[in-house]
Each structure stands twice: as structure tokens, then as C-alpha cells.
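Participant: Show me how the following folds:
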Amino acid sequence: MNKAYVLLVIICCAGVFLVTDIIPAGAWFTDTEVIEGISITTGSWGDAGSLMVTADQPLLKPPAGNHAKTVLSGITVNNTGSAPLEVTGIRVSWDPDDGEMIREAAFTRGKGGEAPRAGPKGAGSNPEPAGDEGFTVFWSGEAVSGHLLEGQAQLGPATRDDPARGILLTFGSNMEGKSLVCTIILDDGNEKEVRLQV
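Facilitator: Next up, the predicted model:
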């Protein structure tokens, strides 16, 4: 009978430690499933549980006056929780890697429940205010495949008028025929990724 009480005390203490955040919470096992271009990671107990990343209709197109397909839209991020999420990084990697460079990562915004799409302005334009249908630059520069693009963006909880944000990626050369992985990294270190073929 004493062993049962000792076991009960240990379980209660472990529960108290987890509730009061003395011992950091985390999943013991994780797994990743890829279903038709959507990658789902399970086992995370952080803020990433409220983050949805999808690529239902990726579109690779040339900017105005160009023929090389260097602008990718159609990746969507959505906050299904009730608290804002802070995005502090985006990592984009591609295969085959022939020395291409990424030049800009921006968040677009849809209106009236429509999925966000690349706005009419090209890369390098001034970012528009967050309430407009344009885009807000998250990072710009020049980086190779797999490099962490650091920036700051807040994803508010999804609403009927603002259900999701899109990610607009601009590259320095044609990306047609590449397999891409786009990973969104939150300020608590949790991340979600989506895989797509362009």
C-alpha cells in the first residue's frame, strides 16, 4: 500500500511542476506527415499548435516586364488560436540547389475572407500598411538555400475579415521545377513547415 502512495505523490508533484512551468513542457515524441504538399508536425505543445501553414495553390510567376519566374505566392499562414503569434524567422530551402538566391520574404493580406495573393506591386516596392491588401516586407537581402531569414511579424488570431496571411517569396533567378520547403519559426523556437513543388 505504501508503494501506491509514493507513486501517487510522485505523479501529483510532476503535475504541479508542469502546471507551474518549473519543468518546461514539451512532447516526448514528434512526427511529421506530408499530405499533398501540406506538412503537419505533431507532438509540439508550444505556440506552434495554433499555427497552420499550407500551400494549396502555389503560383510561381514572373514580375512585371520579366520572363523568369521568380515570385512565389500561395503559401498561407493562419493563427487558429486566441493569442497573437510572433514570427521571428523564415527558412526557405530548395532542391536542386544551383546557387539561386532568395531576395525577399513578405506577408500579404487578403480581404473579405479571400485567400491572400501576391499584390500588384513588385519586389522592392515600399510596404503598405498592415490593413491594406498589399504586402509587408518581413526580410530583404540576399541569402542561399536553407539560410534563416530573421525578421519580426505578428500573426493575430484569424477573423472572418482577416482569415489568413500569405507569404510572398522573391528570388534572384528562375525557380521553375524546384522542390521547396518553407519553414515558419516562432519566437518560442517552435516551427512549422510546408513542402511544395513549383
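
Participant: which stretches of this structure form helices?
Facilitator: 2-19 (DSSP state H).

Participant: now it, which segments are flagged as low pLDDT?
Facilitator: In the predicted model, the chain carries pLDDT under 70 at residues 1, 4-9, 12-47, 110-133.

Participant: redo that, cut-off 80
Facilitator: Along the chain, segments meeting pLDDT under 80 span 1-48, 109-134, 161-163.

Participant: biggest strand in it, by residue count?
Facilitator: Counting by DSSP state E, the longest strand found in the chain is strand 85-95.

Participant: Same question for that strand: list its buried residues.
Facilitator: The neighbour-count check on strand 85-95 (16 or more other C-beta atoms under 10 Å) flags 85, 87-94 as buried. For every residue, glycine as well, the C-beta is placed using N, CA and C.

Participant: Can you tell me which helices and strands that strand packs against?
Facilitator: strand 102-109, strand 135-143, strand 148-155, strand 179-186 (3 or more C-beta pairs under 8 Å, 6 or more residues apart in numbering; DSSP states H and E).

Participant: now, the most widely separated pair of the buried residues of strand 85-95?
Facilitator: Distances among the buried residues of strand 85-95 were taken as C-beta to C-beta; the most separated pair is 85 and 94, at 25.3 Å.

Participant: picking that back up, mean neighbour count, the helices and strands packed on strand 85-95: which tops it?
Facilitator: Of the helices and strands packed on strand 85-95, the one with the most neighbours on average (mean count of other C-beta atoms under 10 Å) is strand 102-109, at a mean of 22.

Participant: and that strand, what other elements does it pack with?
Facilitator: strand 85-95, strand 135-143, strand 148-155, strand 165-171.

Participant: again, 10 Å this time
Facilitator: Packing contacts for strand 102-109, counted by 3 or more C-beta pairs under 10 Å, 6 or more residues apart in numbering; DSSP states H and E, involve strand 71-79, strand 85-95, strand 135-143, strand 148-155, strand 165-171.

Participant: So what angle separates the directions of the last one and strand 179-186?
Facilitator: Computed by axes from the mean of the first three to the mean of the last three C-alpha atoms, to 10 degrees, the angle separating strand 165-171 from strand 179-186 equals 130 degrees.

Participant: got the angle between strand 165-171 and strand 85-95?
Facilitator: Using the same axes, to 10 degrees: strand 165-171 against strand 85-95 is 40 degrees.

Participant: picking that back up, nearest to residue 171, out of the helices and strands packed on strand 85-95?
Facilitator: Judging these by C-beta to C-beta, what sits closest to residue 171 is strand 102-109, at 5.5 Å.

Participant: That closest one relative to strand 179-186, how many degrees between them?
Facilitator: Strand 102-109 and strand 179-186 are oriented at 60 degrees to each other (the same axes, to 10 degrees).

Participant: Within the sheet, what are the partner strands of strand 102-109, with directions?
Facilitator: strand 135-143 (antiparallel), strand 165-171 (antiparallel) (DSSP bridges).

Participant: Kindly reformat those strands as CSV containing distance to residue 196.
Facilitator: Formatted as CSV, these follow (distance: least, C-beta to C-beta, whole Å):
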stretch, distance to residue 196
strand 135-143, 18
strand 165-171, 11
